[in-house]
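>>> model this:
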Amino acid sequence: MGDDKGRLLQGTLDVLILKALQRGPLHGYALSTWIRETTEGVLQVEDGALYTALHRMEKRRWLSAEWGVSETNRRVKTYTLTAAGFEQLESRSDSWNEYADAVGKVLRSV
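Numbers count the residues shown, from 1 in each chain. Predicted coordinates for the structure are as follows:
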């Protein structure tokens with residue numbers, strides 16, 4: 001990906017967060033770690049972008065959040081997918097897969 005390696009295409013972060021939270025509640029650092037590890041280090045989410053997206057998604061009621069304590073005994077805000085969030089994940093996943101398939105067809109063309 002050249003100089004753009006690790007940068008997320010606009011609109012991708014939301015679907016990555018929704019997918020991560022499909023597995024269960026996570027706090028911000030755990031979300032960022034899951035994305036980095038799942039993509040084998042190709043995608044790395046900057047804190048500012050992550051927390052901006054989490055707050056936006058919480059405001060849209062795709063996520064709920066509550067304060068708790070992490071494994072390392074730190075105060076963390078843990079995010080959970082709501083019913084609206086599950087709907088968004090399904091809708092955005094379908095759209096994203098369709099888009100990725102279309103781009104793949106172009107890249108494989110001769």
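
>>> Please report phi then psi for V69.
With angles defined as degrees, to the nearest 10, V69 sits at phi -120, psi 130.

>>> Now for it, how many residues are close by?
11 (other Cβ atoms under 10 Å). Glycine gets a C-beta too; all of them are placed from N, C-alpha and C.

>>> okay, now the closest residue to it other than its chain neighbours: neighbour count?
Distances taken as Cβ to Cβ, 6 or more residues apart in numbering place R75 nearest to V69, at 6.2 Å, with adjacent residues excluded. For R75, the neighbour count with other Cβ under 10 Å is 9.

>>> check contacts around R75.
W67, G68, V69 (Cβ atoms under 8 Å, 6 or more residues apart in numbering).

>>> quick one: pLDDT of it?
In this model, R75 is scored at 94, pLDDT.

>>> ok, now V110?
Each residue has a pLDDT score; the one for V110 is 82.

>>> ditto for R7
So R7 comes in at 56 (pLDDT).

>>> Distance of N97 relative to S91?
11 Å (Cβ to Cβ, to the nearest Å).

>>> Ignore what I typed, I meant H55.
Per Cβ to Cβ, H55 is found 21 Å from S91.

>>> and what of V103?
From V103 to S91 the distance is 19 Å (Cβ to Cβ).

>>> Just give me the longest helix of this structure.
For the chain, the helix with the greatest residue count under DSSP state H is helix 83-108.
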